[in-house]
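> Need a 3D model of the sequence below.
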Amino acid sequence: MSGEDKSKSKNFKGKNRRPRRNPKRSGGGPKPSNAQNAQGPKSASSKSRRPKALTPARILQKYDNLLEQHIVARRKLYEMHGRAQGRQLEKIENNFQITLEALRRFETGLKDWQREVLKDKIDAYPADRQFSSTHELVPKGEEVPFSGEFEDPHLLPTQIEADFSNDTEESMGTIDDYKNYKGL
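Residues are numbered from 1 along each chain as shown. This is a model prediction of the structure:
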C-alpha cells in the first residue's frame, strides 16, 4: 500500500496506528442488554466482587493454593539462600514469611466444621508404621512430655554416675602454664 492508498482506507487514522477492532455499529442504537443486567441493581460485576461462602471444596482449593504458594516461596528461599545477597535475599525471605503467615492466618480463621474438613484432607493417610510393625518394634514419638525434669541426653552413663563434688583441682591457667606442664 502506498502512502496515498493508506489515507483512503476507512480504518487508517495516521502513522503506526492499528485499525479499530469494532467499527461503529450500523444501527447506532444501544448495546444489547444482558439478562442479568435487566434484573436491576444486581449486576454480574457486583456479584463477583462479593466474597463467596467457603464450601468444603473451596476450603480445600484455597488451602491447596496457599500451600503451593508457600512451597514455591520455600523452594526459592532454599535455592537462593547461599547465592542471593542484600535486597534480593530480603525480598525472598519476606515472600517466604508472607506466604507462611497467610497459610497460618487461613487455618486460624476457619470455623470448627471447616477445620474438620481441612483436617480430614491433611490427615487422610495414617502414619506409616510398616517397618515398625513388620519388625515388631514399638512406635516411637507418639507422646512427648513437655514439662517436668528431663535427663541430659548428651551425658555418658559414666558421667552421670560420677561424683565431682570432691574434685579440688582447678582448671585455670594460660597456654604457657599448659606447655610447661606438658613439657613442650
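
> buried set for the biggest helix by length in the chain?
Criterion DSSP state H: the longest helix present in the chain is helix 56-80. Residues Ile59, Leu60, Tyr63, Leu66, Gln69, His70, Ala73, Lys76, Leu77 are the ones in helix 56-80 that count as buried (16 or more other Cβ atoms under 10 Å). Where C-beta positions appear, they are placed from N, C-alpha and C, glycine not excepted.

> Report all helices and strands that it contacts.
With contacts taken as 3 or more Cβ pairs under 8 Å, 6 or more residues apart in numbering; DSSP states H and E, helix 56-80 sits against helix 86-108, helix 112-122.

> And the ones you listed: which comes nearest Gln159?
helix 86-108 (40.4 Å; Cβ to Cβ).

> So which elements touch the closest one?
Checking 3+ Cβ pairs under 8 Å, 6+ apart, helix 86-108 ends up next to helix 56-80.

> what mean pLDDT would you report for the helix it packs on?
Average pLDDT, helix 56-80: 95.

> Need the residues that contact it.
Outside helix 56-80, the residues that touch it by Cβ atoms under 8 Å, 6 or more residues apart in numbering are 52, 54, 88-89, 92-93, 95-96, 98-100, 102-103, 106-107, 110, 114, 117-118, 121.

> go on, stretch 154-174?
Outside stretch 154-174, the residues that touch it by Cβ under 8 Å, 6+ apart are Glu151.
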